[in-house]
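J.: Need the 3D shape of this:
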Amino acid sequence: MDSHPIQLFKAGLSDIPQLQKIAIQTFIDTYAVYNTEENMRRHLENAFNEAQLTVELLNPDSEYHLAFQEGQVVGFIKTNIWPSQTDENWRDGLELERIYVLQTHQGRGIGNILIDKALALAREKELPYLWLGVWMKNEKAIGFYEKNGFTKAGTHVFRLGDEDQSDFIMKKNV
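T.: Modelled structure (predicted):
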């Protein structure tokens, strides 16, 4: 654990530049080596443009929380309740749609703090479980989720550019 504390804040419209920067950076760091440049470009433009992030931040069924350390954004989560979730089969739980930590800050417990925040949000909303989709090829993330008590509960498709990719659905009871 780092000696500098992590502070979590719910993101608002004024946080879009920082959110956009970390979302693009962490997505590239995680997936660029596995995907075509064109599919990456298309996904990043669609998912993290200012208009899209504005819509998501204004959506009452979705929340972004930013993790700060020493004044720098080092990670974030995005959670969704129904009907803003990406898979209707899990509508009774809280979706953890995105959880990312800068590569330079991984292994310092920040991911655990973000998972704890998502679990607290699920409890607050009186939802029985937290669920997420994780790419079947992302063994590092799958191992992290399993270490945090998530189990594989199904699959679904994630579209990246023009390619359908298979995700495991992983679930943890609150």
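J.: so Leu57 makes contact with Lys10?
T.: No. In terms of Cβ atoms under 8 Å, Leu57 does not count as a neighbour of Lys10; the distance is 9.5 Å. Quick note: C-beta positions are derived from backbone N, CA and C, even for glycine.
J.: the more surrounded of the two?
T.: The residue with more neighbours, out of Leu57 and Lys10 and counting by other Cβ atoms under 10 Å, is Leu57; that gives 19 against 12.
J.: For the more buried one, what is the enclosing helix or strand?
T.: When secondary structure is defined using DSSP states H and E, the element that contains Leu57 is helix 50-58.
J.: For that helix, enumerate the helices and strands it packs against.
T.: With contacts taken as 3 or more Cβ pairs under 8 Å, 6 or more residues apart in numbering; DSSP states H and E, helix 50-58 sits against helix 16-31, strand 62-69.
J.: mind listing what the last one pairs with, with the direction of each?
T.: Strand partners for strand 62-69, identified by DSSP bridges, are recorded as strand 6-10 (antiparallel), strand 72-80 (antiparallel).
J.: quick one: the shortest one to chain centroid distance?
T.: Spelled out, it's strand 6-10. Mean C-alpha position of strand 6-10 versus that of the full chain (Cα atoms, centre = their mean, to the nearest Å) differs by 15 Å.
J.: May I have that strand exported as PDB, CA atoms only?
T.: The C-alpha trace of strand 6-10 is given here as PDB (Å, rounded to 0.1, in the frame of the first residue of the first chain):
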ATOM      1  CA  ILE A   6      -6.300   7.600  -2.100                       C
ATOM      2  CA  GLN A   7      -9.200   9.900  -2.200                       C
ATOM      3  CA  LEU A   8     -12.400   9.000  -4.100                       C
ATOM      4  CA  PHE A   9     -14.700  11.600  -5.500                       C
ATOM      5  CA  LYS A  10     -17.900  11.300  -7.600                       C
END
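J.: show me what contacts the residue nearest the centre of the chain?
T.: The residue lying closest to the centre of the chain (Cα atoms, centre = their mean) is Arg98, at 1.1 Å. Listed by Cβ atoms under 8 Å, 6 or more residues apart in numbering, the contact set of Arg98 reads Ala23, Phe76, Ile77, Lys78.
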